[in-house]
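Novice: sequence plus predicted model, see below.
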Amino acid sequence: MKFRIESTGYKLSPSLKEFATRKLSTLNRYYKDIQEIEVTLHYETKAAKGEVNCILNIRMPGKDEYIKTKSVIFEDAILKAAETAKRRLRIRKTQLEKARRLKTPNRKVLAKKMAKK
């Protein structure tokens, strides 16, 4: 799994990059086929208060996951995005497992059909 961490308008500190990679590397537990995670941090100033946008683009086979969160602090925005990504990846994994189960025939029904013959 590769990470690409970008920021617009300012330079990221190495400690913030390391924090983001440490927190987002745990997403591999919830979905194994993640190829790359793009993190974009954008600081906006609106009417005398600042706001941080954290955008995650999780690349994987099929449809990519796109997550956008807002907070006042960089670390908090990254943590919110990681929690949202965990939830989304769990949902995606259970949907794929359910679809896989529905494609396989029910073993009890199949055994009854074989017993009748």
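Specialist: Everything's here; your move.

Novice: okay, buried residues for the helix or strand encompassing residue 79 please.
Specialist: Following DSSP states H and E, one finds residue 79 within helix 74-103. Within helix 74-103, the residues that qualify as buried are 74, 77, 78, 79, 80, 81, 82, 84, 85, 88, 89, 92, counting by 16 or more other Cβ atoms under 10 Å. For every residue, glycine as well, the C-beta is placed using N, CA and C.

Novice: and that helix, how far from the chain's centre?
Specialist: 6 Å (Cα atoms, centre = their mean, to the nearest Å).

Novice: average pLDDT across it?
Specialist: What helix 74-103 shows for mean pLDDT is 90.

Novice: what do you get for stretch 54-71?
Specialist: pLDDT averaged over stretch 54-71 gives 93.

Novice: got the buried residues for it?
Specialist: 54, 55, 56, 58, 60, 65, 67, 69, 71.

Novice: and which of those residues is nearest residue 31?
Specialist: Nearest to residue 31 among the buried residues of stretch 54-71 is residue 60, at 6.8 Å by Cβ to Cβ.

Novice: could you tell me the per-residue confidence at residue 33?
Specialist: 88.

Novice: 108 is where my numbering starts, stick with that
Specialist: Renumbered: residue one is now 108, and that last one reads residue 140.

Novice: give me the nearest residue to it, chain neighbours excluded.
Specialist: residue 167 (5.1 Å; Cβ to Cβ, 6 or more residues apart in numbering).

Novice: pretty sure the one you found contacts residue 139?
Specialist: No: using Cβ atoms under 8 Å, residue 167 makes no contact with residue 139, being 9.3 Å away.

Novice: quick one: common contacting residues for those two?
Specialist: With Cβ atoms under 8 Å, 6 or more residues apart in numbering applied, the contact sets of residue 167 and residue 139 do not overlap.

Novice: and the residue nearest the centre of the chain, how far from residue 171?
Specialist: For the chain, the residue nearest the mean C-alpha position is residue 192 (3.3 Å; Cα atoms, centre = their mean). Counting by Cβ to Cβ, to the nearest Å, the gap from residue 192 to residue 171 is 12 Å.
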